[in-house]
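**Q** could you look at this predicted model? Sequence included:
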Amino acid sequence: MEQVDGTNRVRFAVEAVVKGTAATEVTLTTSDNEASCGYRFDEGGRYRVYSIAGMTTLCSGNELLTAGPSPSATARAQQQAAADRTMIFWAGSGLVALFVVAGLALLLRHPRSGN
């Protein structure tokens, strides 16, 4: 979405056209606020959009079909990935420490004789 002179320019990938023609990708213009009949599109959402001459408004009858990923869901996924990396780090560090301790124990129990 790009804001230009009190309007939002929103780019869409077109899946189907009910009436008229459209390219596989279109950019539509709407007001930048709802008080001026602007429609608020969320990134990643799937919409049924009604437009005339490249413009759409709050009163055009646009419909949200499928919401995009919410920022909170994305943040939770990132936090989970970070937690997974931390767990892998500590598990690997624990294994290395275990091998070092086991090696030292073997050396102390069975020292090599110099002669």
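**A** In hand now; what should we look at? Everything numeric here is computed off the predicted structure, so don't read it as measured data.
**Q** now the helix or strand encompassing residue 98: mean pLDDT?
**A** Take DSSP states H and E as the rule and residue 98 turns out to sit in helix 71-109. The average pLDDT within helix 71-109 is 88.
**Q** how much space between residue 42 and residue 30?
**A** 13 Å (CB to CB, to the nearest Å). Where you see a C-beta, it was placed from the backbone N, CA and C, and this is true even at glycine.
**Q** compare the two (neighbour count), which wins?
**A** Legend: neighbour count by other CB atoms under 10 Å for residue 42 and residue 30, higher for residue 30 (25 against 13).
**Q** Provide a list of residues in contact with the most centrally placed residue in the chain.
**A** Nearest to the mean C-alpha position of the chain, by CA atoms, centre = their mean, lies residue 74 at 5.5 Å. With CB atoms under 8 Å, 6 or more residues apart in numbering as the criterion, no residue contacts residue 74.
**Q** check contacts around residue 105.
**A** Contacts of residue 105 by CB under 8 Å, 6+ apart: none found.
**Q** what's the distance between it and residue 98?
**A** 11 Å.
**Q** appreciated, that's everything.
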